[in-house]
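**Q** Sequence first, predicted coordinates after that:
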2 protein chains.
Amino acid sequence: MDQVTIKDVAREAEVSPSTVSRVISDSSQISCETKEKVRTVMDRLGYHPNAIARSLVNQRCNSIGLVMSRPTDRALANPFFTDMIQGIAASTQQENFSLMLTSADSYESETREALNLVKKRQVEGLILMASRISGDLINTLVRENYPFVLVGRSREHSDIPRVDNNNIRAVKDAMIKLIAKGYSNIAFLSGPKDFVVCQDRLQGYREALVEAGLAYRPELVSYAEFSYEAGLKEAHDLFIRSRRQIDLVFCADDLLALGALRAVETRGLKVPEDIGVIGFNDTPAASLVNPGLTTVRIPIKEMGKRAAQMLISVIEDHNYQGEEVIIPTEIIWRNSVRDDQL
Amino acid sequence: MDQVTIKDVAREAEVSPSTVSRVISDSSQISCETKEKVRTVMDRLGYHPNAIARSLVNQRCNSIGLVMSRPTDRALANPFFTDMIQGIAASTQQENFSLMLTSADSYESETREALNLVKKRQVEGLILMASRISGDLINTLVRENYPFVLVGRSREHSDIPRVDNNNIRAVKDAMIKLIAKGYSNIAFLSGPKDFVVCQDRLQGYREALVEAGLAYRPELVSYAEFSYEAGLKEAHDLFIRSRRQIDLVFCADDLLALGALRAVETRGLKVPEDIGVIGFNDTPAASLVNPGLTTVRIPIKEMGKRAAQMLISVIEDHNYQGEEVIIPTEIIWRNSVRDDQL
DNA sequence: TTGTAGGCGTTATCAT
DNA sequence: ATGATAACGCCTACAA
């Protein structure tokens, strides 16, 4: 209930506060008997060091903040973030750090909150989920020299500590394999235009087409929110616009792909016989729908772990500035694309 | 970069540190000109009050902890926690509190970590997700008078501040409606035996049977982990054990239900014509599968909001001890149960 | 209206 | 091996 302090322990153990402090840090210059004695008293009194007092004198609070750059509810609606949090939490726990979550209902307040957290010294650094992180936040962070790590990448900034997967390459590779399977009229169902991941994935799509000698047709590209409903709607539009001359829809996210799957179905067509669908992220639901959704799997939890580790290293080791870590992805072949070779 | 303190501001503004402090708290006994002058300097110097120093003197850190055990979160799968965090974050933000996440890989370390958090005064209170929370944690919390709120309920403790839905009633009500629809051979696919939610949901199942004059047949009850795979397997076992004399499977969780759905399908039977399936939670995937999964929807985010609000009230108002809040649930009728009345 | 001094709980630097 | 003392950055009586 009432805080037991180092002084209480000192008085009871008939030593000075500094001695108690040294016992806490298990200093080598304290006799065993004293340690014994003090520890007994600490137990009896139920003493626990006050983390805040400690932080104040050490100028270290041993905690980091996680910033999710969309209004949080939207952000968390995607399983992506859950996995991310798990990964980050695993690392922080291992390194004896605490994890604080920032969230807000608008993008601006979010940025402000995140900055406040570091400026008020409540956290020692930030992990940013870079979906459409404005340059501003990063600029400030860089200028004021606050430790941070990006998950994803920023268009405006390079040479910034970050953990990411190569979205361009992942889509390109998948596309090449799909084209090898005989697909030639491939549409691309993208997420919001201003998301860097979407831009990158679209670029991978383009590059693959070009390399394969296929035309890039802008009318086969659609943009939507990352949601099932948007996927459903945009896929329909896409089918109408293209007068059904599509044999595959490459989706920038599984939720979109799940919507597209349903769209194909409601048009009386079959997946994968008539139209193939492929997604991104390997959402749990991807293996539950029928046909199973072929998708590009990202080891999200692993990325979270790495990001937190890197941030903590940056914080603790002043000679380390962080680095760029690219995590490999993997295609999970299920039944939403044809399996036959050309 | 280097911390700007109240002293720096005081020196620059040619006032005393206490004056600056008073300006920060917008004290009414400071002249407007002084406030103006000091604020200008604060801006110029980029001053931000140090939250930790503040916490130390105020004995208030304005932050709460969310305890989600890794084992638990495995079991409950993603969407539940995700929604929970959203709700909690919404409230903490509104009340100017910070949110800390604890997680651990074992149940014991988890409990230890959570207790440490409050004992070290890093958080002012805890929100516990009570899936199989041991009495120990709660006992300690109660004994040492640390503010906390349960989401869910504890078997050993009553009269504890908590936010929950009435699982017994929810299942019972659903059962009664299903029985009215003509179902009479209803199996129950439960989650882990030691989860209070499972025990409660099972009890609702029993009570409904009894009230309807139907027999409770233990061989129609199965236990599994909360996962798709476990649902698939247990549903199969159930069908074999019961020699197909089942017309409905009531599942304690959507993931189990999704597994059961698939199990029915792979046996060459049809949902809902041959066997009905109902789940719990209204997981996103529930609306994506075909047929759509009928399920009991819990307003999880709302529960999170209420829990955080209650905790903060308990912390700030010493006359308020918290209460028991029961949030109503709702059945989402989709196509995994027959719609025809008897 | 403003300044001075003491303290929040801890650690680190001196002494002894 | 141990103790006294001064910070850490802020707040708040108490003075003036």
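**A** Nice, thanks for sending it over. Numbers count the residues shown, from 1 in each chain, chains lettered A, B, ... in the order given.
**Q** need the next SSE after the lowest-mean-pLDDT helix or strand in chain A, C-terminal direction.
**A** One helix or strand of chain A scores below all others by mean pLDDT, DSSP states H and E: helix A:72-77, with a mean of 48. Next helix or strand after helix A:72-77 toward the C-terminus (DSSP states H and E): helix A:79-94.
**Q** Show the model's pLDDT score for the residue nearest to the spatial centre of chain A.
**A** Using CA atoms, centre = their mean, the residue of chain A that lies closest to the mean C-alpha position is A:Met84, 4.7 Å off. Note for A:Met84: predicted pLDDT of 87.
**Q** show me what contacts A:Val296?
**A** By CB atoms under 8 Å, 6 or more residues apart in numbering or on different chains, the contact list for A:Val296 reads A:Ala170, A:Val171, A:Ala174, A:Ile278, A:Gly279, A:Phe280, A:Asn281, A:Asp282, A:Thr329, A:Glu330, A:Ile331, A:Ile332. The C-beta positions use only the backbone N, C-alpha and C, and glycine is treated the same way.
**Q** wait, I meant A:Gly135
**A** A:Ser154, A:Glu156, A:His157.
**Q** try 6 Å
**A** By CB atoms under 6 Å, 6 or more residues apart in numbering or on different chains, the contact set of A:Gly135 is A:Glu156.
**Q** And for the one 4 residues further on?
**A** By CB under 6 Å, 6+ apart, the contact list for A:Asn139 is empty.
**Q** Relative to A:Tyr146, how far out is it?
**A** Using CB to CB, to the nearest Å, A:Asn139 is found at 11 Å from A:Tyr146.
**Q** Give me the nearest residue to whatever residue of the stretch 51-200 of chain A ends up closest to DNA strand C, chain neighbours excluded.
**A** When distances are taken as CB to the nearest atom of the strand, the stretch 51-200 of chain A reaches nearest to DNA strand C at A:Ala53, 3.4 Å away. Counting by CB to CB, 6 or more residues apart in numbering or on different chains, A:Ala53 lies nearest to B:Leu56, which is 5.6 Å off, once chain neighbours are set aside.
**Q** what sits against that neighbour?
**A** B:Leu56 sits next to A:Ile52, A:Ala53, A:Leu56 when contact means CB under 6 Å, 6+ apart.
**Q** If we use 8 Å, what do you get?
**A** By CB under 8 Å, 6+ apart, B:Leu56 lies in contact with A:Asn50, A:Ile52, A:Ala53, A:Leu56.
**Q** Out of those residues, grab the one that's most surrounded.
**A** In terms of neighbour count, A:Ile52 stands highest of the contacts of B:Leu56 at 22 neighbours, by other CB atoms under 10 Å in any protein chain shown.
**Q** That residue and B:Asn62 touch, don't they?
**A** No: using CB atoms under 8 Å, A:Ile52 is not in contact with B:Asn62, being 11.2 Å away.
**Q** Check the contact lists of these two and give me the overlap.
**A** Common contacts of A:Ile52 and B:Asn62, defined by CB under 8 Å, 6+ apart, comprise B:Ser55.
**Q** Near A:Ile186, how many other residues are there?
**A** Neighbours of A:Ile186 (other CB under 10 Å): 22.
**Q** Likewise for A:Phe280?
**A** Neighbours around A:Phe280, by other CB under 10 Å: 30.
**Q** what bits of the stretch 201-342 of chain A have low per-residue confidence?
**A** A:244, A:340-342 (pLDDT under 70).
**Q** Would you state the strands of the stretch 201-342 of chain A in chain order?
**A** Counting by DSSP state E, counting those that start in this stretch, one finds strands in the stretch 201-342 of chain A at the ranges A:221-223, A:248-251, A:276-280, A:294-297, A:324-327, A:330-332.
**Q** Compare those strands and give me the one nearest B:Gln29.
**A** Closest approach to B:Gln29 among those is made by strand A:324-327 (53.6 Å; CB to CB).
**Q** list the buried ones in that closest one?
**A** A:Val325 (16 or more other CB atoms under 10 Å in any protein chain shown).
**Q** list the helices and strands it packs on?
**A** Contact partners of strand A:324-327 among helices and strands, from 3 or more CB pairs under 8 Å, 6 or more residues apart in numbering or on different chains; DSSP states H and E: strand A:162-165, helix A:300-316.
**Q** Show me the one of the ones you listed that comes nearest DNA strand C.
**A** Smallest distance to DNA strand C across those (CB to the nearest atom of the strand): 14.3 Å, for helix A:300-316.
**Q** Any residue of the closest one touching DNA strand C?
**A** No: applying CB under 7 Å from any atom of the strand, one finds helix A:300-316 separated from DNA strand C by no less than 14.3 Å.
**Q** which outside residues touch that helix?
**A** By CB under 8 Å, 6+ apart, the residues outside helix A:300-316 that reach it are A:64, A:80, A:83-92, A:95, A:97, A:124-127, A:147-149, A:151, A:161-165, A:281, A:320-323, A:325, A:327.
**Q** Among those residues, the buried ones, what's the ChimeraX command?
**A** Selecting the buried subset of the contacts of helix A:300-316 in ChimeraX, with 16+ other CB under 10 Å as the burial test, is done by:
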select /A:64,80,83,84,85,86,87,88,89,90,91,92,95,97,124,125,126,127,147,148,149,151,161,162,163,164,165,281,322,325
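**Q** The spatially closest residue to A:Glu124 that is not a sequence neighbour: neighbouring residues, count only.
**A** Excluding its sequence neighbours, the residue lying closest to A:Glu124 (CB to CB, 6+ apart) is A:Ile315, at 5.0 Å. Using other CB under 10 Å, the number of residues around A:Ile315 comes to 20.
**Q** ok, now how distant is A:Ile315 from A:Val264?
**A** 49 Å.
**Q** Around DNA strand D, which positions in the stretch 51-200 of chain A sit nearby?
**A** With the criterion set to CB under 7 Å from any atom of the strand, the stretch 51-200 of chain A comes near DNA strand D through A:Ala53, A:Leu56, A:Val57, A:Gln59.
**Q** Spatially, which two of these are the most separated?
**A** Spanning the widest gap among those are A:Ala53 and A:Gln59, at 12.3 Å by CB to CB.
**Q** Could you pull up the residues touching the residue of the stretch 151-300 of chain A found nearest chain B?
**A** Proximity of the stretch 151-300 of chain A to chain B (CB to the nearest CB) peaks at A:Ala285, 4.0 Å away. Going by CB under 8 Å, 6+ apart, A:Ala285 touches A:Asp254, A:Leu258, A:Leu293, B:Pro284, B:Ala285, B:Leu288.
**Q** cutoff 6 Å now
**A** Listed by CB under 6 Å, 6+ apart, the contact set of A:Ala285 reads B:Ala285, B:Leu288.
**Q** Tell me the spacing between it and DNA strand C.
**A** Using CB to the nearest atom of the strand, to the nearest Å, A:Ala285 is found at 48 Å from DNA strand C.
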